[in-house]
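K.L.:
Quick check, what structure comes out for this input:
(one chain, ligands or ions: 1)
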Amino acid sequence: MKYLFSKSKPRDECGVYGVYNHDKAANLTALGLHALQHRGQDSAGIVTSNNHKFFAHRGMGQVSDVFSNKEIIPKLIGRLSIGHNRYGTTGESALKNVQPLFSELDFGGIAIAHNGNLTNTNQIKEKLIKNGAIFQSTSDTEVILHLISTAKGNLIDRIVYALQSITGAFSLVLLTNDSLIGVRDPFGIRPLVLGKLNNTYILSSESCGLDIIGADLIRDVEPGEILIIKNHKIDSIKPFKKTYLRPCLFEYIYFSRPDSILEGRNVYDVRKSIGHQLAIENPNDNKIIDVVIPIPDSGNASALGYSEKIKKPFEFGIIRNHYTGRTFIEDSISVRNLSVKLKHNPNIFSFKDKSIALVDDSIVRGTTSVKIVEMLRNCGVKNVHMRIASPPVKHPCFYGIDTPTKEELLASKFTIDQIKKYIGADSLKFVTLDGVYKALGFQNGREKEKPMFTDHYFSGDYPVKLIDQDAGIYPAQLSLLIEPTK
Ligand code: AMP
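P.N.:
Just a heads-up that it's a prediction; the model follows:
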């Protein structure tokens with residue numbers, strides 16, 4: 001069956017949102033998705049329910065584009081709503097994949113929005129297709145709908161059956177005619193929080209999605225927990241045999257918004273503390289550095305923490321143009337380089353002949369670092385010391401963050417010294433994995449036996465089995481039909 005599957009990468013860095021019991025449920029959802037826009041900028045969608053019928057609008061682009069026509073949201077009627085933001089630039093991000101997905105099943109309609117990636121999609125899909133299932137999308141999320149559809153029992157039994165059949169990372173919001181359901185996988189890899197606004201319950205990928213509508217953060221959904229919000233009350237069940245919180249470390253390093261609170265930690269504070277660790281691990285830096293410059297915005301908080309600790313000034317020596325997308329959005333190397341130039345410009349004539357610590361959160365392919373080091377050198381900076389607020393990224397993510405293949409990851413093929421030469425820096429230091437754990441409050445660093453986060457990009461330790469990947473099939477996307485992005 002291998003030939004059926006497209007080779008293009010999944011880009012499922014998504015945001016999910018749900019509202020239970022509000023007369024403006026669709027408006028709140030659109031606002032929530034706007035706050036979660038950084039999690040996915042390629043498409044957006046909302047499905048609502050008025051207890052009898054469902055109403056949907058989905059489209060390619062950012063939330064403000066998809067819902068720009070003022071007539072759309074008033075037509076999404078009902079007091080229950082879910083929404084989704086998705087990343088993607090290839091055929092796989094065509095309209096057919098835009099979430100929430102919706103299906104009419106024997107018990108009625110059901111809509112689903114998913115953040116994360118499944119690791120056994122192919123295995124399940126093959127079985128379902130043999131049994132006659134017809135897939136409408138190429139997204140792994142549709143597998144969950146098919147499993148719910150073919151399972152036996154009441155709605156919750158069927159959802160539980162579906163969730164026990166899948167492996168991978170999944171934070172989900174589901175909508176039926178009268179209930180909102182939130183799910184986090186048994187390791188809680190992707191975030192999901194529960195909030196409240198008067199008598200309205202909210203589910204959001206991050207707490208910044210609650211702030212925007214003035215809702216209070218109640219708590220994180222627990223690993224392996226299913227929250228069923230129905231009849232104005234919440235039921236919680238935990239149907240998985242083994243659950244153990246191991247959220248994604250990269251959410252803290254790069255992906256989540258700095259003002260979000262994940263598992264009780266403010267993301268900005270964590271990033272600043274990683275900067276402190278970076279300084280602690282390089283005790284001579286205050287002798288060789290004159291000024292600390294972040295690569296904005298991803299390096300801002302860690303650069304600030306690092307500069308505090310080495311007691312050298314923090315300056316915005318590079319200005320970011322906010323009107324271009326993230327570097328990874330571009331597909332070809334040549335365009336990617338151009339996009340770095342479109343995105344950053346030096347602001348540093350006053351730093352001429354100075355020794356600079358250039359701080360970023362991560363090096364992935366090295367594209368950003370190469371260009372910015374060159375930019376600074378062209379401005380007459382004396383030395384560029386690159387300081388990275390994460391360990392070297394050596395392993396791809398299969399749990400929902402878009403990383404390139406192992407071969408494209410600079411740190412998987414080069415030593416640190418080779419990377420330093422490749423990016424043209426005078427010195428290069430990465431914070432250690434223990435340092436990151438210390439910044440998160442674990443004084444002894446990473447516990448090998450029971451790490452508290454999934455840090456596979458750095459350690460190669462994947463907590464959830466990579467079933468499709470180990471079988472040599474990934475991404476598992478059924479794709480005989482390629483549709484260019486609309
Ligand atoms: P690169 O330029 O390929 O080395 O990528 C590193 C830059 O991209 C850093 O500035 C990061 O802030 C950013 N970055 C890291 N991970 C991701 C990701 N999954 N998607 C988009 N940007 C990322």
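K.L.:
hey, let's count contacts and neighbours off CA atoms from now on
P.N.:
Will do.
K.L.:
so what secondary structure elements neighbour the helix or strand harbouring residue 274?
P.N.:
Residue 274 belongs to helix 267-280 when assigned by DSSP states H and E. Packing contacts for helix 267-280, counted by 3 or more CA pairs under 8 Å, 6 or more residues apart in numbering; DSSP states H and E, involve helix 300-310, helix 433-439.
K.L.:
Kindly present these as CSV, with separate columns for mean neighbour count and mean pLDDT.
P.N.:
As requested, the helices and strands packed on helix 267-280 are exported to CSV (neighbours: other CA atoms under 10 Å; pLDDT from 0 to 100):
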stretch, mean neighbour count, mean pLDDT
helix 300-310, 25, 98
helix 433-439, 22, 98
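K.L.:
Which among these is found nearest to residue 368?
P.N.:
helix 300-310 (14.8 Å; CA to CA).
K.L.:
ok, and what's touching the helix or strand following the closest one?
P.N.:
For helix 300-310, the following helix or strand on the C-terminal side (DSSP H and E) is strand 318-320. Residues from elsewhere that reach strand 318-320 (CA atoms under 8 Å, 6 or more residues apart in numbering): 293-297, 343-348.
K.L.:
what distance separates strand 318-320 from the centre of its chain?
P.N.:
With CA atoms, centre = their mean, to the nearest Å as the basis, strand 318-320 stands 24 Å off its chain's centre.
K.L.:
can you check stretch 297-317 too?
P.N.:
For stretch 297-317, the distance to the chain centre is 24 Å (CA atoms, centre = their mean).
K.L.:
just stretch 73-80 next, same as before
P.N.:
With CA atoms, centre = their mean as the basis, stretch 73-80 stands 27 Å off its chain's centre.
K.L.:
From the opening residue of that stretch to its closing one, how far?
P.N.:
Start-to-end span of stretch 73-80 (CA to CA, to the nearest Å) is 13 Å.
K.L.:
Report the rounded mean pLDDT for that stretch.
P.N.:
Here stretch 73-80 scores 98 as its mean pLDDT.
K.L.:
circling back: so the helix holding residue 274 versus helix 300-310, what angle?
P.N.:
Relative orientation of helix 267-280 and helix 300-310, computed by axes from the mean of the first three to the mean of the last three CA atoms, to 10 degrees: 40 degrees.
K.L.:
For the ligand, which of the helices and strands packed on helix 267-280 is the nearest?
P.N.:
The ligand lies closest to helix 300-310 among the helices and strands packed on helix 267-280, at 10.1 Å (CA to the nearest ligand atom).
K.L.:
about what we covered before: any chance of the helices and strands packed on helix 267-280 in TSV, with distance to residue 216 too?
P.N.:
Formatted as TSV, the helices and strands packed on helix 267-280 follow (distance: least, CA to CA, whole Å):
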stretch	distance to residue 216
helix 300-310	25
helix 433-439	26
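K.L.:
one step back: can you tell if the helix holding residue 274 touches the ligand?
P.N.:
No: applying CA under 6 Å from any ligand atom, one finds helix 267-280 separated from the ligand by no less than 12.1 Å.
K.L.:
starting at the chain centroid, how far to that helix?
P.N.:
20 Å.
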